[in-house]
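*Asks:* Structure for this input, please:
(chains A and B)
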There are 2 protein chains.
Amino acid sequence: MRKMSRKPPSREPIPAALRLDGRSLAGLQEQIRQRMIDAILDGLFASGRKLPSTRALAQHLGVARNTVVLAFQQLAADGYIIARERSGLFVNEEMVKGRRAISRVGGRTEASHSTVWSDKIKGGVTETDAQRVPPDWHKYPFPFLEGRFDPALFPVDEWREASRLASRASEIQHWVSDPGEADDPLLIREICTKVLPRRGIHAQPGEILITAGARQGLHLVAEIFADGASTVALEEPGNPAMLALLKRRGARLVHQPVDDNGLIVDDALNGCGLVYTTPSHQRPTGVVMSLARREQLLARAHSSDFIVIEDDFECESSYQDDALPALRGMPGGERVIYVANLSRVLAPGLRLGYIVAPPDVIVEARRLRTLLTRHPPLNNQRTAAYFISLGHYDATMLRIGRELHARLIALRDGLNHYLHQSIAIAPVRAGTTIWVEGPRDLDARDIARAAEARGVLIEPVSAYYAAGRPPAHIFRMGVTGITGTRIRSGVETLAETIKEMADGSTPRLDMARREWLRGDDLRRAMSGATLLYRTVYGEPCTIELRRDGRMIGRSGFANEDRDEGRWWIEDDLWCRQWSDWAYGETSTFLTRILGDRIQWFSQDGKLRDSAIIVTAKE
Amino acid sequence: MRKMSRKPPSREPIPAALRLDGRSLAGLQEQIRQRMIDAILDGLFASGRKLPSTRALAQHLGVARNTVVLAFQQLAADGYIIARERSGLFVNEEMVKGRRAISRVGGRTEASHSTVWSDKIKGGVTETDAQRVPPDWHKYPFPFLEGRFDPALFPVDEWREASRLASRASEIQHWVSDPGEADDPLLIREICTKVLPRRGIHAQPGEILITAGARQGLHLVAEIFADGASTVALEEPGNPAMLALLKRRGARLVHQPVDDNGLIVDDALNGCGLVYTTPSHQRPTGVVMSLARREQLLARAHSSDFIVIEDDFECESSYQDDALPALRGMPGGERVIYVANLSRVLAPGLRLGYIVAPPDVIVEARRLRTLLTRHPPLNNQRTAAYFISLGHYDATMLRIGRELHARLIALRDGLNHYLHQSIAIAPVRAGTTIWVEGPRDLDARDIARAAEARGVLIEPVSAYYAAGRPPAHIFRMGVTGITGTRIRSGVETLAETIKEMADGSTPRLDMARREWLRGDDLRRAMSGATLLYRTVYGEPCTIELRRDGRMIGRSGFANEDRDEGRWWIEDDLWCRQWSDWAYGETSTFLTRILGDRIQWFSQDGKLRDSAIIVTAKE
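*Replies:* Numbers count the residues shown, from 1 in each chain, chains lettered A, B, ... in the order given. This is a model prediction of the structure:
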């Protein structure tokens, strides 16, 4: 090999940290830009020294030189690097200056916060278990959770088309002009002409306000119509979020029971100023309010002078059955405030809902929305307008309605087949959930815990009861989050769990039969796998075992607790060490995999813990 | 001409309403789909009858047949139309069924709402003029409004690149899985590593919560830390939105004055649990809190045991000067909750802000955010993450910071040149507004009204004063919403307005000199023009005079009042007739155009009203 001529000393070496991630979803050029910006801002290039040549960098990164050249051109256009004639490329000091100057002045001292803050927090939010699911719920093999949609249902292509149309330069000019309080007129028009008529509602633009999901709609209504002097009726069992919102307002609450026709309408509603109901599919029981009961409710609203809050939260499933019209669309409906999501399946992306109410109420709600959050993002409003106007909304709802109905039937059939001796379910008509009465001697919360450890997520219903004693043996299973083909094995696993709970023995490893994973089998199973379980504190926890030996841990409902560490294999032992967790000490385990589950044992064969294991795709 | 053979009688005629809009921003194919869906849902095609042929429709619409064929294919894929073999295309009855069935059941009776609702609305939001601007403010020639950004500043290409990256199918799968309470980890990382270090803040992921703009951040903080038992200090003059939020919580308020170094720190703060401040550029005066005052405030926070809410609302302009570090980043900053927008210029699109606070507070704020609105849209969170990681955030802020500084200097110079005898301004250091002391004998609200009628939008400051008597002669001028090249003429027009107010005569038309627009000149001026003015009720109003003789009117801060009508020219008269407005009667006027202004007169030359006129682009 010939000796290379020495590089001029003024040129910066390539920082070792500057590497590309082969698995990253970003393109090569974008990755180079991102990494270079990180390196510039982190001060990895000394000021006044030439940057590495594009040729050297391309070689170092293993990419075409032109890719680096294009990335550098964009960096220059953005002002991160500057070209000095006949000398080469340099970091733009102006870009780094502000950052460094401030870093020098800053540097606050760390101190214990707990005493400063804890006594100053007023009336915190009480958690309701019904609202909390592990952030990685969709990685569990059998998530029978209501209202969480599996990503496969999301209309990716249709959404991208609408998003692309709303992102054209001419459209951007429309929605960046910041019209203050106004919503996108196109979206309002599409809701009036295409979405609401399906629910039997004929509304004028001035009767509609766009909200950040139905949740904000409920919040605004609670703020406007309830206070310490109000009496409000809710369904029992009912929506815990509405309960919490009304409690914050200090309203007196009437917990009104639900029967097979929906919310019971009787004299208990007299004296209420507000009645909250979920007529399409009662939340949580799934009961559809009958037409007679709807008429009864509206007649009572008139005679007793109360307002009805109609939460039509499940718009997808109104496409799957002979849907009754919304209360707001019926004679007498002028006393109704209609609250809806544009669609729950679109919620993660668009987070849009709306209220339909008389113009006076909309004016009030708009003022309040402006004060609290201002309007929902206008790019998403315009995207939603296109999504509806191109017919994707109707088509998607129809498709999802069909799919959910098929899943519901599959769940009913599975429960009948595997569990008909120990459980009872109501006749399945529509909706997306089944209300299950489990064995009377088992607590549904215990079943849920045991089932989760085997990858089955179900929902005990106690959180939906606000008054009296919740029935301990009832749970709910939903089909929005689980693929149809997995429903049967999910129910089968649940049935096994319930059966095992009757026996109640703790698994031990049979040391004589050496029934644990060994050597290469163990390595193959663990490499790239994701483990999902609950910590002893009851927090959801996800552990990623990277192929390169790194281990990433995230714990908590918002992934708020994180740690990193290393894992490795020693003979038949799975070894791991966190930076902070478990005191940063090394732990070694024997492991066993049973279907979706992994169990780990101390070396004397005692079960230490178990998790759902999602093995890496090859 | 040869006779055409008769079409088979079963085929539907083409509805007259099915026309394309040549000026629409949507492509032809999309327009055809939109129009066809409208027609299908409106029942314009009778059921069981063949749809018009693609050839006939293409001819009718004047487009290539293939365009219609492609649109029809998509309509078929979406389920709107179905092909029956050897018979042609038909409307899919399943798609229309639900809609028609409900329309039959529905049909609520219209009734007077006012009595039903008016007595049930609790504690409404009090409007503050400072927050209300006409929705079409950006069409005014001289909008000196603070905090409204002209669309030209929006980083269109950079935003589209980030949006495109976040919309890739693989990325969509990431953010549609609905992680419950968690924010996008990529966005959190970018804020920690790229945005906050510029403000001297070093935060861990668990110390950050994403909010729907800074506004939601302030709302969450007010809900968590203030109630009827709290005492909270605010700047006087100060942010009216924070005032309104704290009033809703029933907190006792201390209105603490501001001097040239920012919020005054003295014994009046003792006994407060919470102190709200805008140190970077005080809102509304623009004063920068000095380093000494910052240290004083933090020392007092420690000795008097209060929490500081730091509203860093103006992040763009911290790039333009030697910015001081944020309070949160200084020694003692652990008592500070930092609230910011990701950027005000990105607000219309992304509507994202964040809070930096100790983990315990973030947990509390996250619970509350989940209850009230759930998380901000995840597609926008991912877009923002890309926007920052590709370096666009820094580059955009730097560019905008420079531009705003140049505009501020232009405004200062203009005021010095045209108004130095009648006004006084503070030395201009940074920020985006100038605090103007007008002539002491004029009320700034009168100046603002008169200036608006000439196209100049300025802001009287009385709405920022909560205690005592606001200074009537002070107003504020901002540069975020007005192009640099228009600043000089804007100031000149303002100077003329102020001069005219001293004279105070009402314009009349000189009938003898026939100084009105005539015939074709009149038609040319009005055709396609947009008129902007205030109604006699003080509501902003926009009138579009379409070239085809239609007239569209929108009135109100949220465009909530709308009407349509016709306009035409008869000799020298401009004639107009609304459907509802002005009793639906015909009005005729003589008109005169003076620069950006149009005045209309009765036929005896008396002024009836005037407006800003934006003439159509050729």
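*Asks:* Quick check, A:Asp596 in contact with A:Ile612.
*Replies:* Yes. Using CB atoms under 8 Å, A:Asp596 is in contact with A:Ile612, at 5.4 Å. Bear in mind the C-beta positions are built from the backbone N, C-alpha and C, glycine included.
*Asks:* got any residues that touch both of these two?
*Replies:* A:141, A:454-455 (CB atoms under 8 Å, 6 or more residues apart in numbering or on different chains).
*Asks:* Looks like A:Lys139 contacts A:Thr530 (just checking).
*Replies:* Yes. Counting by CB under 8 Å, A:Lys139 does reach A:Thr530; the two are 6.3 Å apart.
*Asks:* Spell out which residues are contacts of both of these two.
*Replies:* Contacts common to A:Lys139 and A:Thr530, judged by CB under 8 Å, 6+ apart, are A:542, A:614.
*Asks:* Average pLDDT for stretch A:210-225, rounded please.
*Replies:* Across stretch A:210-225, pLDDT averages out at 95.
*Asks:* and if you look at stretch A:437-455?
*Replies:* Averaging pLDDT along stretch A:437-455 gives 90.
*Asks:* distance between the ends of that stretch?
*Replies:* End-to-end distance for stretch A:437-455, by CA to CA, to the nearest Å: 21 Å.
*Asks:* A:Trp516: what's its closest spatial neighbour, skipping adjacent residues?
*Replies:* Counting by CB to CB, 6 or more residues apart in numbering or on different chains, A:Trp516 lies nearest to A:Leu590, which is 4.3 Å off, once chain neighbours are set aside.
*Asks:* Output the contacting helices and strands for the helix or strand where that neighbour lies.
*Replies:* A:Leu590 is part of strand A:586-594, with elements assigned from DSSP states H and E. Here strand A:586-594 touches helix A:519-526, strand A:573-578, strand A:597-601, going by 3 or more CB pairs under 8 Å, 6 or more residues apart in numbering or on different chains; DSSP states H and E.
*Asks:* Out of the ones you listed, which gets nearest to A:Arg407?
*Replies:* strand A:597-601 (23.9 Å; CB to CB).
*Asks:* Quick one: name whatever helix or strand follows the closest one.
*Replies:* Next element after strand A:597-601 (DSSP H and E): strand A:607-614.
*Asks:* and the angle for that following strand with helix A:519-526?
*Replies:* 60 degrees (axes from the mean of the first three to the mean of the last three CA atoms, to 10 degrees).
*Asks:* Show me the shaky parts of the stretch 401-550 of chain A.
*Replies:* Within the stretch 401-550 of chain A, the stretches with pLDDT under 70 are A:427-429, A:504-506, A:536-537.
*Asks:* Which positions in the stretch 501-618 of chain A make contact with chain B?
*Replies:* Residues of the stretch 501-618 of chain A lying near chain B by CB under 8 Å from any CB of the partner chain: A:557-562.
*Asks:* let's see 7 Å
*Replies:* Within the stretch 501-618 of chain A, the positions near chain B by CB under 7 Å from any CB of the partner chain are A:557-560, A:562.
*Asks:* Show me those that map onto strands.
*Replies:* A:Arg562 (DSSP state E).
*Asks:* could you dump the residues of the stretch 501-618 of chain A next to chain B to JSON lines with neighbour count and pLDDT?
*Replies:* Shown next, in JSON lines, are these (neighbours: other CB atoms under 10 Å in any protein chain shown; pLDDT from 0 to 100):
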{"residue": "A:Phe557", "neighbour count": "21", "pLDDT": "83"}
{"residue": "A:Ala558", "neighbour count": "24", "pLDDT": "82"}
{"residue": "A:Asn559", "neighbour count": "24", "pLDDT": "81"}
{"residue": "A:Glu560", "neighbour count": "21", "pLDDT": "77"}
{"residue": "A:Arg562", "neighbour count": "17", "pLDDT": "87"}
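*Asks:* Cool, thanks, talk later.
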